[in-house]
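Participant: please find the sequence and the predicted model below.
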Amino acid sequence: MTFSDLPIIEPILRALEHEGYTNPTPIQEEAIPVALQGKDILGCAQTGTGKTAAFAIPILQLLTAQADRNQGRRIVKVLIVTPTRELSIQIGESFDAYGRHLHLKHAVIFGGVPQNAQTKALQQGVDILVATPGRLLDLMQQKFISLKNISILVLDEADRMLDMGFIHDVKRILAAVPLKRQTLFFSATMPPEIVKLSSSILHQPTNIAVTPASSTVEIIEQSVYFVAKADKPSLLMHILRDKSIETALVFTRTKHGADKVSRILNKCNIKSEAIHGNKTQGARQRALSNFKNRTIRVLVASDIAARGIDIDELSCVINFDTPNIPETYVHRIGRTGRAGADGIAISFCDVEEKAYLKDIQKLIAKQIPVVTNHPFPLSLDAEAAVVEKKKNTSKPQSANRSRSQHPATGRVDSREGRRRR
């Protein structure tokens, strides 16, 4: 099937051709006709399968039909709520691309930057608003935004919003939009909390699940390296010596870890930048732009970027730290192998992360192949040392003679204890 086989108007088809898009992905093939009929959708598809176009294309077409009938001042008729700044910006770029031949306006609002440019765009009138929850509620409170005319509501990456603690913000937003509306609800995973939320806001939805929940893209070549924590930087250098890895997105568990790995790479003449929540929005966008145009070879990211990076032909994702939340693994490696392209996902796993790996393999229902032929294998001695350390640190305090116990009475000498403390 091609996009021209779907009931899409000519200006959008022309825009899709300009972008080089010919064949819709499964989620697009199923969702676009349903959305064009004005029906609610509960869509579940793994990361990287084209959910943005699945809702952006029908929204543009439906609004174009309304605009032809209603000429007047622009008011916000469509609201797309998304969890991160990066993702909201990329959704805005998609509306730019698909709507290039249409006379519709959109705005993107998010926190972390001054609001003046955003409020100015709103005052000039927009048809489509893409927003993160916090800034949206802030501008609503300041009376810059009214949601009373919303006819289409999109909740994108709903599970991520739940993970990031936005559930109460989402409920406040839902209370401000009309009950009579079309709702498109998209998520990469469907935990029970998301199913419960969707059932409370959707009206007779069409369920679209093009892949099993929490599955990983089959075309991605996954592997795991067992390695001591101290050897992870050396193993990363070893892997990046492979020139066939043109670009690599490296994930760490913490912001500090992302900065540290980036510094190590740059000292070894591997151009990299870090991206995480402590960076300013300008710094994050510059890092993304430098990665996309290949000014840098490696982007090191905390999990804030797991949903917010859409990069064509990203060849490799490396989990420097194995994620402690199984679903995070799915979202991280979904940054590669997008739109049918090949991809590689490599995970480093130290002794303390083996339990995380077990949970991941249970979630995705497959064993990740182990690479044993590498220069920094995890030794049995290293494993034993970690086990022994855990045993020692778990001993009760009362068994520790360093608290200056009296040898006869067993009582603690409080004065000696105070001096030592």
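Facilitator: It's in. Residues are numbered from 1 along each chain as shown.
Participant: just the CA atoms of the longest helix seen in the chain, as PDB, please.
Facilitator: Longest helix of the chain, by residue count under DSSP state H: helix 51-69. Output of helix 51-69 as PDB, limited to C-alpha atoms (Å, rounded to 0.1, in the frame of the first residue of the first chain):
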ATOM      1  CA  LYS A  51       2.800   7.400  15.400                       C
ATOM      2  CA  THR A  52       3.300  11.200  14.800                       C
ATOM      3  CA  ALA A  53       2.300  11.000  11.200                       C
ATOM      4  CA  ALA A  54      -0.600   8.600  12.200                       C
ATOM      5  CA  PHE A  55      -2.300  11.500  14.000                       C
ATOM      6  CA  ALA A  56      -0.800  14.600  12.300                       C
ATOM      7  CA  ILE A  57      -1.900  13.700   8.800                       C
ATOM      8  CA  PRO A  58      -5.700  13.200   9.600                       C
ATOM      9  CA  ILE A  59      -5.600  16.300  11.900                       C
ATOM     10  CA  LEU A  60      -4.300  18.500   9.100                       C
ATOM     11  CA  GLN A  61      -6.900  17.100   6.700                       C
ATOM     12  CA  LEU A  62      -9.900  17.500   9.100                       C
ATOM     13  CA  LEU A  63      -8.900  21.100  10.000                       C
ATOM     14  CA  THR A  64      -8.500  22.000   6.300                       C
ATOM     15  CA  ALA A  65     -12.100  20.800   5.700                       C
ATOM     16  CA  GLN A  66     -13.300  23.000   8.600                       C
ATOM     17  CA  ALA A  67     -11.300  26.000   7.500                       C
ATOM     18  CA  ASP A  68     -12.900  25.800   4.100                       C
ATOM     19  CA  ARG A  69     -16.300  26.200   5.800                       C
END
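Participant: and the next element down the chain from it?
Facilitator: Counting by DSSP states H and E, the next helix or strand C-terminal to helix 51-69 is strand 78-81.
Participant: so what secondary structure elements neighbour the longest helix of the chain?
Facilitator: With contacts taken as 3 or more C-beta pairs under 8 Å, 6 or more residues apart in numbering; DSSP states H and E, helix 51-69 sits against helix 10-18, helix 26-36, strand 41-44, strand 78-81, helix 85-98, strand 152-155, strand 182-187. C-beta: built from backbone N, CA, C; applies to glycine.
Participant: the first one: which residues count as buried?
Facilitator: The one in question is helix 10-18. For helix 10-18, burial by neighbour count (16 or more other C-beta atoms under 10 Å) applies to 11-13, 15-16.
Participant: quick one, it and helix 51-69 angle?
Facilitator: 150 degrees (axes from the mean of the first three to the mean of the last three C-alpha atoms, to 10 degrees).
Participant: alpha carbons of helix 10-18, in CSV - could you do that?
Facilitator: Extracted in CSV, the C-alpha atoms of helix 10-18 (Å, rounded to 0.1, in the frame of the first residue of the first chain):
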residue,chain,number,x,y,z
GLU,A,10,-3.6,16.1,-2.6
PRO,A,11,-1.7,18.9,-0.8
ILE,A,12,-0.7,16.5,2.0
LEU,A,13,0.2,13.8,-0.5
ARG,A,14,2.5,16.3,-2.2
ALA,A,15,4.1,17.1,1.1
LEU,A,16,4.7,13.5,1.9
GLU,A,17,6.3,13.0,-1.5
HIS,A,18,8.5,16.0,-0.8
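Participant: run through who's touching that helix.
Facilitator: 3-4, 8, 57, 60-61, 64, 97-102 (C-beta atoms under 8 Å, 6 or more residues apart in numbering).
Participant: so which of the buried residues of helix 10-18 is the closest to residue 89?
Facilitator: Of all the buried residues of helix 10-18, residue 89 sits closest to residue 15, with 18.9 Å by C-beta to C-beta.
Participant: now the closest one: how far from residue 334?
Facilitator: 25 Å (C-beta to C-beta, to the nearest Å).
Participant: repeat that for residue 360.
Facilitator: Going from residue 360 to residue 334 by C-beta to C-beta gives 13 Å.
Participant: so which residues of the protein form strands?
Facilitator: Along the chain, counting by DSSP state E, strands occupy 41-44, 78-81, 106-109, 128-131, 152-155, 182-187, 206-209, 220-226, 248-251, 272-275, 298-301, 316-319, 343-349.
Participant: adding mean neighbour count, write the ones you listed out as CSV.
Facilitator: Shown next, in CSV, are those (neighbours: other C-beta atoms under 10 Å):
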stretch, mean neighbour count
strand 41-44, 25
strand 78-81, 25
strand 106-109, 24
strand 128-131, 26
strand 152-155, 23
strand 182-187, 23
strand 206-209, 16
strand 220-226, 19
strand 248-251, 26
strand 272-275, 25
strand 298-301, 27
strand 316-319, 26
strand 343-349, 23
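Participant: looking at those strands, which is nearest to residue 368?
Facilitator: Using C-beta to C-beta, the strands of the chain put strand 220-226 closest to residue 368, at 4.8 Å.
Participant: tally of neighbours for the spatially closest residue to residue 329 that is not a sequence neighbour?
Facilitator: The spatial neighbour of residue 329 that comes closest, neighbours along the chain excluded (C-beta to C-beta, 6 or more residues apart in numbering), is residue 360 at 4.7 Å. Residues near residue 360, counting by other C-beta atoms under 10 Å, number 29.
Participant: so residue 360 touches residue 319, yeah?
Facilitator: No: in this structure, residue 360 is not within contact of residue 319 by C-beta atoms under 8 Å, at 9.5 Å.
Participant: overlap of the contact sets of these two?
Facilitator: Each of residue 329 lies in contact with both residue 360 and residue 319 under the rule C-beta under 8 Å, 6+ apart.
Participant: count of residues packed around residue 267?
Facilitator: Neighbour tally, residue 267, other C-beta under 10 Å: 8.
Participant: how far away is it from residue 105?
Facilitator: 46 Å.
Participant: so what's residue 321 up against?
Facilitator: Residue 321 is in contact with 251-254, 257, 348, 353, counting by C-beta under 8 Å, 6+ apart.
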